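In: pasting a predicted model and its sequence here:
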Amino acid sequence: MILVLESNITEHQKDRIKNMLSDEKCITREIMDAGRNVIGIIGKPATSLDEFKQMEGIADAVRVTTAHKLASREFKSEDTKVKIGNVVVGGDRIVIVAGPCAVESHEQAMTIAKEVKKYGAVLFRGGAYKPRSSPYSFQGLEEEGLKILADVREQTGLGVVTEITSVSQADLMMKYVDVVQIGARNMQNFELLKCVGRMDKPVVLKRGLAATIQEWLMSAEYIMAGGNNNVILCERGIRTFEPYTRNTLDLSAIPVLKKLTHLPIIIDPSHATGMREKVSPMARAAVAAGADALMIEVHNNPDQALSDGPQSLYPEQFGQLTRDLYVIAPVVGKQLDFDYLKKSEIINNMEAKDSKTAAFIGEYGAYSHKASLGYFGEEIRPVPMKTFKDIFQAVQTGHCQYGVVPLENSLSGSIHENFDLLQEYDLKIIGEITIRVKHALIAHKNVSKNEIKKILAPPPAFSQCKNYLDQYPEIEQVPVKATSSAVRYVKDSDDKYTAAIGSTMAAKIFDMNILEESIEDNPRNYTRFAIIAKEIKGHKKVNKTSIIFSTGNQPGALYEVMKVFSEYQINLVKLESRPMLGKPWEYMFYADLEADIETPELAPAMEMLREKSENLRILGRY
Ligand SMILES: O=C(O)C(=O)C[C@]1(C(=O)O)C=C[C@@H](O)C=C1
């Protein structure tokens with residue numbers, strides 16, 4: 001059962017409820033979920049549902065119908081995000097865990113760790129205690145292996161994941177590793193589950209070889225009942241009659257679990273398939289199916305591996321896979337971030353006075369909000385702003401450390417206002433992110449589409465849904481600043497005849513109804529956002545430079561600048577002309593270059609550019 005508490009409940013009232021439940025031999029867990037204060041009850045209280053509803057401070061009492069309680073969506077509707085150092089499993093960024101099946105030596109582990117980190121892994125896996133089918137197979141380096149893992153973390157910054165096979169290893173695990181894993185064979189080793197339930201470490205819980213999803217969730221419940229809520233469910237293939245793969249990877253478990261539980265899901269295609277060539281296709285499919293993370297075995301010398309060599313990818317193959325995932329992830333609303341750890345480092349090194357915030361337009365649920373989450377994850381707090389100018393102003397004054405502003409969209413083109421603001425403010429572009437924009441028509445509950453007389457949206461969203469809207473010429477289109485502001489306006493106005501164009505995220509946040517999904521003209525609807533800041537912090541590899549320049553008003557002036565790019569083989573990926581502020585019929589050019597213009601090799605190109613242009617300003621290298 002869960003008790004939804006009144007927002008103005010006093011601590012005294014809360015204590016009374018908890019004490020009463022404790023007397024009734026029930027365990028209670030209090031959480032904040034979707035803005036609601038909830039107490040989850042484990043056990044059978046003597047007090048009835050109706051009696052609870054009558055109590056002071058309780059807004060509602062609801063029975064949890066599933067056998068798993070704390071792990072259920074009924075108890076907690078919001079996704080759980082498991083934090084492992086600077087990495088969050090369950091957010092908008094796909095987490096890649098990679099490494100060998102077993103830690104074989106210090107050199108082997110360190111070599112592989114450096115390789116997988118280079119290709120986008122943010123956590124390192126490696127077994128120190130190996131539960132093998134044969135007692136004659138390599139059993140792992142045990143404590144020595146754990147020490148190697150700790151050193152890998154020390155030297156690479158990658159958090160480390162390893163399997164715990166016995167309760168007696170708990171202290172060593174606490175000392176050396178960041179995440180403990182319960183192996184498939186131990187999924188129902190209840191003493192071990194209770195043990196990790198008491199540990200203050202995230203747990204990867206692998207699905208048993210022949211376990212149903214319900215049994216698996218009950219194992220998660222064991223860990224959570226012990227007080228550890230940081231559980232990540234790992235699908236690693238189940239035993240079926242099919243001999244072509246070692247196990248059958250049950251990807252349908254992903255959507256099933258997403259409905260049943262708030263816990264994040266990691267997929268292990270290496271153990272599931274048992275064959276190198278099958279790993280990447282299944283990893284790609286897993287991301288497309290909604291996995292939060294992947295666990296991939298990688299070995300620098302798989303033929304000589306002491307365990308599971310045939311299923312281990314070569315580092316280069318792993319690199320190819322992560323490049324594919326980088327492309328696939330945005331299609332399903334996620335990101336694979338190759339700068340994940342570097343960004344975390346920069347954010348963690350920020351001084352206490354720095355506001356760890358990112359300004360974005362609209363309300364929570366805006367695409368800009370989603371872009372902020374995709375770029376920064378949970379480490380930076382997104383702050384809603386009313387206008388684009390407010391965002392630039394907030395960053396300029398230091399009120400917010402970062403700003404997230406849309407620059408261009410694949411269907412509706414450039415957002416000119418932001419190009420002008422880049423010209424006006426002396427700020428830097430420190431990064432970019434492209435997200436897929438999937439629009440929904442959102443209205444109040446119990447309203448049908450044919451009742452709608454007015455639609456609210458920002459101009460780019462109207463333009464991206466033009467074909468859809470053309471079908472309804474009688475519906476009035478009212479421009480607002482952002483999609484989420486439109487949803488908020490409809491929500492607050494109580495006007496059942498008005499709808500908004502916005503994200504499913506906004507519909508969920510404002511508890512509104514989706515009348516129709518995917519109403520954008522073309523599914524390849526992507527918006528590119530710039531991340532702006534007052535200064536560039538930290539060092540990272542740079543692929544792109546954005547500049548603003550003007551030229552003299554004479555024939556061939558722009559051509560002369562373009563010639564520099566051509567001579568130095570600099571690929572120009574965007575060129576946009578904007579009127580110069582306050583100078584009619586004079587223009588500034590905004591250009592994105594696929595190069596780091598500040599490298600020594602391009603210094604002569606830079607010099608020539610300064611010669612051939614006027615007012616050249618580097619907006620950012622990222
Ligand atoms: O309205 C939002 O949700 C925004 O984040 C702004 C914005 C934009 O102005 O381009 C961003 C992405 C979409 O292209 C539509 C709207």
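Out: Received, thanks.

In: can you report how many residues lie near Ser493?
Out: Residues near Ser493, counting by other C-beta atoms under 10 Å, number 12. Quick note: C-beta positions are derived from backbone N, CA and C, even for glycine.

In: what's the spacing between it and Ala486?
Out: Distance, Ser493 to Ala486, using C-beta to C-beta, to the nearest Å: 11 Å.

In: ok, so what distance separates Cys101 from Ser312?
Out: Counting by C-beta to C-beta - Cys101 and Ser312 are separated by 7 Å.

In: out of the two, which sits in the busier spot?
Out: Ser312 (27 against 24).

In: hang on, the earlier thing: any shared contact partners between Cys101 and Ser312?
Out: Common contact partners of Cys101 and Ser312 (C-beta atoms under 8 Å, 6 or more residues apart in numbering): 270, 297, 299, 305.

In: can you name the residue of the stretch 51-200 of the chain nearest the ligand?
Out: Asp92 (14.5 Å; C-beta to the nearest ligand atom).

In: dump the residue contacts of Glu345.
Out: Per C-beta under 8 Å, 6+ apart, neighbours of Glu345: 86, 157, 538.

In: my error: substitute Ile265 in the last question.
Out: Counted by C-beta under 8 Å, 6+ apart, Ile265 has contacts 232-235, 253-254, 257-258, 290-293.

In: where along the stretch 101-250 of the chain do the helices fall?
Out: 106-118, 143-156, 170-176, 190-198, 213-225 (DSSP state H, counting those that start in this stretch).

In: now do the SS call for Glu535.
Out: Classification of Glu535 by DSSP: H, G, I helix; E, B strand; the rest coil places it in coil.

In: and the closest residue to it other than its chain neighbours, what's its pLDDT?
Out: Counting by C-beta to C-beta, 6 or more residues apart in numbering, Glu535 lies nearest to Lys428, which is 6.4 Å off, once chain neighbours are set aside. In this prediction, Lys428 carries a pLDDT score of 95.

In: repeat that for Asn349.
Out: So Asn349 comes in at 87 (pLDDT).

In: please work out how many residues are found near the spatially closest residue to it that is not a sequence neighbour.
Out: Closest residue in space to Asn349, ignoring its immediate chain neighbours: Gly538 at 7.2 Å, by C-beta to C-beta, 6+ apart. By the measure other C-beta under 10 Å, the count of residues near Gly538 is 13.

In: surely Gly538 touches Lys342?
Out: Yes. Shown here, Gly538 and Lys342 form a contact pair, counting by C-beta atoms under 8 Å, at 6.6 Å.

In: and Gln477, bridged to which residues?
Out: With DSSP bridges applied, Gln477 shows beta-bridge pairing to Ile455.

In: how about the contacts made by it?
Out: Gln477 neighbours (C-beta under 8 Å, 6+ apart): 454-455, 457, 462, 469.

In: okay, those in a markdown table with distance to Gly403 next?
Out: Putting the contacts of Gln477 into a markdown table (distance: C-beta to C-beta, whole Å) gives the following:
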| residue | distance to Gly403 |
| --- | --- |
| Lys454 | 31 |
| Ile455 | 28 |
| Ala457 | 22 |
| Phe462 | 24 |
| Leu469 | 30 |
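
In: in PyMOL, select just the buried ones from the residues you listed.
Out: Buried members of the contacts of Gln477, defined by 16 or more other C-beta atoms under 10 Å, are picked up in PyMOL with:
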select buried, resi 455+457+462+469
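
In: of the contacts of Gln477, closest to Phe392?
Out: Top of the list for closeness to Phe392, among these and by C-beta to C-beta, is Ala457 at 22.8 Å.

In: leaving out the residues flanking it, which one is nearest to that closest one?
Out: Nearest non-adjacent residue to Ala457, counting by C-beta to C-beta, 6+ apart: Ile501, 3.7 Å away.

In: what's the burial count for the residue of the stretch 51-200 of the chain closest to the ligand?
Out: 23.

In: isn't it up against Gly374?
Out: Yes. Using C-beta under 8 Å, Asp92 is in contact with Gly374, at 4.6 Å.

In: which neighbours do those two have in common?
Out: 334-335.

In: and the residue nearest to Glu535, how far is that from Ala591?
Out: 16 Å.

In: ok, which stretches of the stretch 401-550 of the chain are helices?
Out: Using DSSP H, counting those that start in this stretch, helices in the stretch 401-550 of the chain cover 416-424, 459-464, 466-470, 483-493, 504-509.
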